[in-house]
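Participant: Sequence and predicted structure, then a few things I'm wondering about:
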Amino acid sequence: MPQDFFSVSELNNMIRDVLTSGFPRAVWVCGEVQSYDRNKGKPHAFFELVEKDPGSQEVKARTGLVIWANTRPRIEAVLRKAENAFELKDDIEVKFLCRVDFYPGFGQVRLIVENIDPVHTLGKIAQDRQKLIAELSKSGLLQKNKTLALPLVPLNVGLITAFDSAAYHDFIDELGRSSYAFKVYLARALMQGKNAPSSVCAAIAALQSVDQLDLIVITRGGGSIAELACFDSREIVAAIAQSKYPVVTGIGHEINTTIADLAAHTYAKTPTATAQLLVARVREFVQQLEAQWQALKESASGSLQARREHVKDAVTEIRRIWQDLVAGRREHHVRLAEQLRALPLGAAARAREDLLRSSRQLKNTIQLRLQSTVTKIGHCEKLIAMASPANILKRGFSITRSGRGKLVTSALTLKEGQSIRTEFIDGEVESIVAKGA
Amino acid sequence: MPEIKYAKAIERIEDIIRKIENEEIDIDELSAHVKEAAALVKLCRDKIGKAELELKDVVQKFEEQGSDGKG
């Protein structure tokens, strides 16, 4: 009697047969990769593709996939050859060529990955990126950091990178080679993977509290476009826009720029190029300073030279005037000497005799004058002697004084009974006026 | 702020050059101005050059702030 039911395996095998006949060829399927990262180090990769609601971002549908170990090298080769190489990882949208299979052991539909179309993923990344750029640009976040002034001498640098990475060493070594006094404040951060944006944002925030920074550098080494996609981050862009310090990025990619690059004040391609940019800026200042100093020295010495010329001119002028004067005087002397020389010899002798004669005459005149003076003086002495009171008294005159000793020169001043004294050559007598004049 | 000093230094030197060229500075002031400029140039040179690169790790701060942010 035939069975009226299937065993589980019988049914699963039938489902498998129906499925495989319904999907005779592999099909292309698109979706966002999930649970891929947990496969690291395993030979086969089991993961899911999901489809999200464009509005709510909730998962609408999901399906399981597997990349068998023998298929993996082929998939990786295709990705490596792509224009912008990327790696499979969670959260990226990927287009796979799959064979629809049913695994009877688990009763599950499973898509067996046979190939991949990298163009789709790159296109999707680019498209999302363009959308985000347009949105951020409209909100002004991409322009905000550019309004900050880049310091003339950016010596105090806040550095955001993975400590001890190649990027870190490239950057530090390049600054070190410059021999300028760079001071680097390192804020370590994760520079790849899901947690990179929040780590970079925390580092930007930490550097805001460092005083007197000149700028912040965010740098990492080169990577695939998908690896660098974490810098196409709204979160990082917002942090850069809010930074009080200018941000310079060096997120190593030769062809494309990340959105973080667009939000930065300035961007360079590599860590080394970023360091060179800072060094060049400092050098430019130093050169400007030296040029100005040179110009100042030249203009100062030019000014001194001009003043020296003035002084020299003045000295020359004074010397010329002096020489003219001296020459004039000398000419006069020469003229006199010539005049003297022009006199005849006899005339000179006569002039000498005249001089001797006149000097003799002068001597005689002086002697005569002297003698007459001496005679006059003798005469005067006699007169003076005769006029002395003693000599007058000798000759019989006397001097009368009042009682108080006042000289009496008029009889009219004396009254009757007044006492008077009379001086003679040999003594005095006192008398009383008997009768007035 | 050291950065302001750099800009001011250049500005001051330019100012002195202009004054010399316009003959606004007499001979007594000239030497004082040149000395001032020389001091500025030396200050800048000393601040910028002849120094080893200095490295400070602000990782502690960052980690604190990072955990604050998460918490």
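Facilitator: Noted; the coordinates are in hand. Predicted model only: the values in this text are computed from it and were never measured.
Participant: ok, now which ones touch residue 34?
Facilitator: Since you didn't name a chain, this refers to chain A. By C-beta atoms under 8 Å, 6 or more residues apart in numbering or on different chains, the contact set of residue A:34 is A:47, A:48, A:49, A:50, A:62, A:90, A:91. The way it works is simple: take the backbone N, C-alpha and C, and place the C-beta from them, glycine included.
Participant: was after chain B, sorry
Facilitator: Going by C-beta under 8 Å, 6+ apart, residue B:34 touches A:296, A:297, A:300, B:16.
Participant: following the lengthiest helix in chain B, which helix or strand comes up?
Facilitator: For chain B, the longest helix by residue count, based on DSSP state H, is helix B:27-48. Per DSSP states H and E, the first helix or strand lying C-terminal to helix B:27-48 is strand B:54-57.
Participant: quick revisit: out of the contacts of residue A:34, which end up buried?
Facilitator: Neighbour-count burial (16 or more other C-beta atoms under 10 Å in any protein chain shown) applied to the contacts of residue A:34 gives A:47, A:48, A:49, A:50.
Participant: Okay, and the third one sits in which element?
Facilitator: Right, residue A:49. Assigned by DSSP H and E, residue A:49 belongs to strand A:45-52.
Participant: Can you tell me the strand partners of that strand and which way each runs?
Facilitator: Here strand A:45-52 is paired, per DSSP bridges, with strand A:27-34 (antiparallel), strand A:59-67 (antiparallel).
Participant: Residues touching it, excluding its own?
Facilitator: A:29-36, A:39, A:58-67, A:72, A:88, A:94, A:96, A:111.
Participant: 7 Å instead, please
Facilitator: Residues outside strand A:45-52 that contact it (C-beta atoms under 7 Å, 6 or more residues apart in numbering or on different chains) are A:29, A:31-36, A:39, A:58-67, A:72.
Participant: Now do it: distance to the chain's middle.
Facilitator: When C-alpha coordinates are averaged (C-alpha atoms, centre = their mean, to the nearest Å), strand A:45-52 and its chain have centres 58 Å apart.
Participant: quick one: contacts for the spatially closest residue to residue A:13 that is not a sequence neighbour?
Facilitator: In space, residue A:13 comes closest to residue A:104 once its chain neighbours are excluded; the distance is 5.3 Å by C-beta to C-beta, 6 or more residues apart in numbering or on different chains. Going by C-beta under 7 Å, 6+ apart, residue A:104 touches A:9, A:12, A:13, A:16.
Participant: Give me the neighbour count for the second one.
Facilitator: Other residues lying near residue A:12 total 18 when counted by other C-beta atoms under 10 Å in any protein chain shown.
Participant: Am I right that residue B:17 is in contact with residue A:298?
Facilitator: No - checked against C-beta atoms under 7 Å, the pair residue B:17 and residue A:298 is beyond contact range at 9.1 Å.
Participant: What residues does the stretch 301-437 of chain A have near chain B?
Facilitator: Residues of the stretch 301-437 of chain A lying close to chain B (C-beta under 7 Å from any C-beta of the partner chain) are A:303, A:307.
Participant: Go ahead and list the helix or strand containing the residue of chain A found nearest chain B.
Facilitator: Going by C-beta to the nearest C-beta, chain B is nearest to residue A:181 of chain A, at 3.3 Å. Following DSSP H and E, one finds residue A:181 outside all helices and strands.
Participant: okay, now it: neighbour count?
Facilitator: With other C-beta under 10 Å as criterion, residue A:181 counts 18.
Participant: pretty sure it is touching residue A:155, no?
Facilitator: Yes - judged on C-beta under 7 Å, residue A:181 makes contact with residue A:155 at a distance of 5.7 Å.
Participant: what's the overlap in contacts for these two?
Facilitator: residue B:48.
Participant: mind showing which ranges of chain B have poor pLDDT?
Facilitator: B:1-4, B:50-51, B:59-71 (pLDDT under 70).
Participant: hang on, the earlier thing: give me the buried subset of the contacts of residue B:34.
Facilitator: A:296, A:300, B:16.
Participant: Just send those residues back as CSV, with secondary structure and distance to residue A:213 too.
Facilitator: As requested, the buried ones among the contacts of residue B:34 are exported to CSV (DSSP: H, G, I helix; E, B strand; the rest coil; distance: C-beta to C-beta, whole Å):
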residue, secondary structure, distance to residue A:213
A:296, helix, 31
A:300, helix, 37
B:16, helix, 31
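Participant: May I see these organised as a markdown table, with distance to residue A:144 added?
Facilitator: Shown next, in a markdown table, are those (distance: C-beta to C-beta, whole Å):
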| residue | distance to residue A:144 |
| --- | --- |
| A:296 | 39 |
| A:300 | 45 |
| B:16 | 38 |
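Participant: Return the residues in contact with residue 58.
Facilitator: No chain was given, so I picked chain A. Residue A:58 makes contact with residue A:52, according to C-beta under 7 Å, 6+ apart.
Participant: ah, I was thinking of chain B
Facilitator: Taking C-beta under 7 Å, 6+ apart as the criterion, residue B:58 is in contact with A:185, A:186, A:187, A:206, A:207, A:210.
Participant: Helix or strand next in line after the helix or strand encompassing the third one, which one?
Facilitator: Residue A:187 is located in strand A:183-188, with elements delineated by DSSP H and E. Taking DSSP H and E as the definition, the helix or strand that follows strand A:183-188 towards the C-terminus is helix A:196-208.
Participant: Let me know the average pLDDT across that following helix.
Facilitator: Averaged over helix A:196-208, pLDDT sits at 94.
Participant: do the same with stretch A:421-437
Facilitator: Per-residue pLDDT over stretch A:421-437 has a mean of 86.
Participant: Need the contact partners of it.
Facilitator: Under C-beta under 7 Å, 6+ apart, the answer for stretch A:421-437 is A:393-394, A:398-401, A:411-412, A:414-420.
Participant: now the longest helix of chain B, how far from the chain's geometric center?
Facilitator: Counting by C-alpha atoms, centre = their mean, helix B:27-48 comes out at 13 Å from the chain centroid.
Participant: can you pull the buried residues of it?
Facilitator: B:30, B:33, B:34, B:37, B:40, B:41, B:44, B:47, B:48.
Participant: and what of stretch A:228-243?
Facilitator: Of all the residues in stretch A:228-243, those buried under the rule 16+ other C-beta under 10 Å are A:228-233, A:236-241, A:243.
Participant: now stretch B:21-28
Facilitator: Within stretch B:21-28, the residues that count as buried by 16+ other C-beta under 10 Å are residue B:25.
Participant: what do you get for stretch A:293-304?
Facilitator: Those would be A:293, A:295, A:296, A:299, A:300, A:303, for stretch A:293-304 by 16+ other C-beta under 10 Å.
Participant: Other residues contacting it?
Facilitator: Residues from elsewhere that reach stretch A:293-304, judged by C-beta under 7 Å, 6+ apart: B:13, B:16, B:17, B:20, B:21, B:30, B:34, B:37, B:41.
Participant: In JSON lines: those residues, plus distance to residue A:288.
Facilitator: Shown next, in JSON lines, are those (distance: C-beta to C-beta, whole Å):
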{"residue": "B:13", "distance to residue A:288": "10"}
{"residue": "B:16", "distance to residue A:288": "15"}
{"residue": "B:17", "distance to residue A:288": "13"}
{"residue": "B:20", "distance to residue A:288": "18"}
{"residue": "B:21", "distance to residue A:288": "18"}
{"residue": "B:30", "distance to residue A:288": "23"}
{"residue": "B:34", "distance to residue A:288": "18"}
{"residue": "B:37", "distance to residue A:288": "14"}
{"residue": "B:41", "distance to residue A:288": "11"}
